[in-house]
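S.K.: Requesting a structural model of the entry that follows:
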Amino acid sequence: MINQIIKRIISFLIPILYLIIIFPISLLLRFINKKFIPINFDKNKNSYWLTKHYRKREESEDFYKQF
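M.R.: Take a look at the predicted model:
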C-alpha cells in the first residue's frame, strides 16, 4: 500500500521538478547560446589526444610492495 503511494508521488514529482528546474535552465542556455560541451572540430589542430608524461623510474618499481 505504502509502496504504491510512494510510486504515485514520485511519478508526479519527477515531471514537475523537470518542468520547474531543468526545462527553464535549458531554455535560458539556448537563449543566450551557451554551450558547455564544444561540439565543433578545430581543423587546425593536429590531434585531440593528450600526451602522456612518462615517469623516469623503472617499471619494476611499480610492482614493488603493492600490498
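
S.K.: tell me, what residue is most central in the protein?
M.R.: Ile37 (9.7 Å; Cα atoms, centre = their mean).

S.K.: Please identify the helix or strand for that residue.
M.R.: Assessed by DSSP states H and E, Ile37 sits outside every helix and strand.

S.K.: how far away is it from Gln66?
M.R.: 38 Å (Cβ to Cβ, to the nearest Å). Backbone N, C-alpha and C define where each C-beta goes, glycine included.

S.K.: do the same with Phe41
M.R.: 41 Å.

S.K.: And Leu27, by the same measure?
M.R.: To Gln66, Leu27 is 52 Å away according to Cβ to Cβ.

S.K.: which of those two has more neighbours?
M.R.: Using other Cβ atoms under 10 Å as the criterion, Leu27 and Gln66 rank with Leu27 on top: 10 against 5.

S.K.: Tell me who's in contact with the more buried one.
M.R.: Shown in contact with Leu27 (Cβ atoms under 8 Å, 6 or more residues apart in numbering): no residues.

S.K.: for the record, mean pLDDT for the one helix or strand Ser11 maps to?
M.R.: For Ser11, the host element (DSSP H and E) is helix 2-17. Helix 2-17 carries an average pLDDT of 92.

S.K.: Only C-alpha atoms, please: export the helix or strand just after it in PDB.
M.R.: Going down the chain from helix 2-17, the next helix or strand is helix 23-31, by DSSP H and E. Provided in PDB are the C-alpha atoms of helix 23-31 (Å, rounded to 0.1, in the frame of the first residue of the first chain):
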ATOM      1  CA  PHE A  23      13.400  23.000 -18.600                       C
ATOM      2  CA  PRO A  24      13.800  26.700 -17.700                       C
ATOM      3  CA  ILE A  25      17.500  26.400 -17.400                       C
ATOM      4  CA  SER A  26      17.700  24.700 -20.700                       C
ATOM      5  CA  LEU A  27      15.600  27.400 -22.400                       C
ATOM      6  CA  LEU A  28      17.800  30.100 -20.800                       C
ATOM      7  CA  LEU A  29      21.000  28.500 -22.000                       C
ATOM      8  CA  ARG A  30      19.600  28.100 -25.500                       C
ATOM      9  CA  PHE A  31      18.500  31.700 -25.500                       C
END
